[in-house]
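Peer 1: Need a 3D model of the sequence below.
(one chain, ligands or ions: 2)
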Amino acid sequence: MKSLSVPIIDISPFNSNDSVSIDKVHQEISRACEDWGFFYAINHGVDLNLVQRAVDLGKDFFKLPKDFKNLVARTETNFQGYSDSELTKQKVDWKEVFDFTPEVPESDGINDIGVHGKNQWPTKPIDFEITMKEYLLSLQKLARQLFSSCIKSLSSDVDVIEKLFDGTGDTSLCRLNFYRKCPEPEKNLGVGPHSDPGIITILLQDDSVSSLQVQKDGIFYDVPPVKDSFVVNIGDMMEVFSNGKYKAPVHRVLTNRESDRFSLPYFLAPSYSFIIRPLKDTYNEDNPKKFRPFPWAEFRKGRYEGDFADKGEEIQITRYRIL
Ligand SMILES: O=C(O)CCC(=O)C(=O)O
Ligand SMILES: [Fe+2]
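Peer 2: Ligands and ions are numbered 1, 2, ... in the order given. All right, here's what the predicted structure looks like:
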């Protein structure tokens, strides 16, 4: 029997003018979002040399001594930088992370909300900062293509594509994850079961280790690495945009005894003032709105407080459910 697996979608038409093929990709993505909330994107157009450089430098950073990495440690008031104590659902994950974000003018109020902070760049490895910034820019383009695709197959309210970053600007995040090999894999998870809070996640996985799993109908399925691909999954905000048609999938990362693992997710997120709500055409008399509107800032703040500050349970979109 063929086991179920996350679909692989060739998105090369996005970089062409072939509208028939582009529409076909929209449909495939929409189907994958309904069935899995996960898919692999191949032929995505991101420079593979750049991807390799980002992976190599990311791995090199984590090899540096703890004292050096702590020079750029995340703090109570700055959420960018290095950490080895992230929590998922109040349990410490077996991993180290380094977070960075697009630079937007502070005058836009991005720091007023108290969960953002400024990028902190380590002085080593050489070219780390410049490479990560270049990677972020390339992923920004891909994230916008994927977001437009999802919106176009859901709603005629395509204005959200243009308005996504109005206000405080782009609050997306890039994260380097490093999962050191673990002596007791049965007792520790790299990341506990969770859904991602933002709109879309574009994940670059280590080619050598299969540790990521997605839950579908109560069963966890492996999402093994596929060379030169990104793994794309939708987050909680896309679930609300779609009025629940797309489910932000629960996923987790296992640990293993044999090898370290590196991954690099890009989390697409809107401006803090952006109001998250079911989009036009996703609801009607027979299928009413399932969520009340809320600002992204409120959700982001609630999730951060659970993730790093251990101030209680992580916020979930069920808080905004009206049905
Ligand atoms: O490392 C991975 O494969 C996924 C990590 C993840 O789910 C996350 O950082 O939200
Ligand atoms: Fe995740």
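Peer 1: Give me the phi and psi for the residue nearest to Gln27 when sequence neighbours are not counted.
Peer 2: Distances taken as CB to CB, 6 or more residues apart in numbering place Ser153 nearest to Gln27, at 6.8 Å, with adjacent residues excluded. Just so you know, the C-beta spots here come from the backbone N, C-alpha and C atoms, and that holds for glycine as well. According to degrees, to the nearest 10, the main-chain angles of Ser153 amount to phi -90, psi 0.
Peer 1: for Ser153, what are its contacts?
Peer 2: With contact taken as CB atoms under 8 Å, 6 or more residues apart in numbering, Ser153 is in contact with His26, Gln27, Ile29, Ser30.
Peer 1: need the residues of the protein near ligand 1, please.
Peer 2: Applying CB under 6 Å from any ligand atom, one finds that the chain approaches ligand 1 through Arg175, Asn177, Val191, Asp196, Leu203, Gln205, Leu212, His251, Val253, Ser263, Pro265.
Peer 1: ok, 8 Å please
Peer 2: Within reach of ligand 1 by CB under 8 Å from any ligand atom, the chain has these residues: 95, 97, 175, 177, 179, 190-191, 194, 196, 201, 203, 205, 211-212, 223, 231, 251-253, 261, 263, 265, 267.
Peer 1: circling back to that earlier point, most neighbours out of the contacts of Ser153, which is it?
Peer 2: Counting by other CB atoms under 10 Å, Ile29 has the largest number of neighbours within the contacts of Ser153, with 22 neighbours.
Peer 1: My understanding was that that residue contacts Ser148; is that so?
Peer 2: No. Judged on CB atoms under 8 Å, Ile29 makes no contact with Ser148 at a distance of 10.4 Å.
Peer 1: Which members of the contacts of Ser153 define the maximum pairwise distance?
Peer 2: Set against one another by CB to CB, the contacts of Ser153 have their most distant pair in Gln27 and Ile29, with a gap of 7.4 Å.
Peer 1: what about the residue nearest to Gln27, distance to Thr201?
Peer 2: Applying CB to CB, to the nearest Å, one obtains 19 Å for the distance of Ser153 from Thr201.
Peer 1: Tally up the residues packed near the closest residue to ligand 1 within the stretch 201-323 of the chain, please.
Peer 2: Ligand 1 sits closest to Ser263 of the stretch 201-323 of the chain, with a gap of 3.4 Å, by CB to the nearest ligand atom. By the other CB under 10 Å criterion, the neighbourhood of Ser263 contains 24 residues.
Peer 1: Run through the chain and note the low-pLDDT ranges.
Peer 2: With pLDDT under 70 as the threshold, the chain has low-confidence stretches at 1-3, 87-91, 107-108, 306-313.
Peer 1: just so I have it, where are all the helices in it?
Peer 2: Across the chain, reading from the start of the chain, the helices by DSSP state H fall at 19-35, 48-63, 66-69, 128-152, 159-163, 236-241, 296-307.
Peer 1: Let me know which of those helices is tucked in deepest.
Peer 2: Per-stretch averages of neighbours, counted by mean count of other CB atoms under 10 Å, single out helix 236-241 among the helices of the chain, with a mean of 25.
Peer 1: Angles on the backbone of the residue with the largest distance to the centre of the chain, please.
Peer 2: Largest separation from the mean C-alpha position in the chain: Glu285, at 32.8 Å (CA atoms, centre = their mean). With angles defined as degrees, to the nearest 10, Glu285 sits at phi -60, psi -40.
Peer 1: how much space between it and Glu239?
Peer 2: When CB to CB is applied, the distance between Glu285 and Glu239 equals 22 Å.
Peer 1: swap in Val191?
Peer 2: From Val191 across to Glu239, the span is 19 Å (CB to CB).
Peer 1: Next: Val6.
Peer 2: Here Val6 is placed at a distance of 18 Å from Glu239 (CB to CB).
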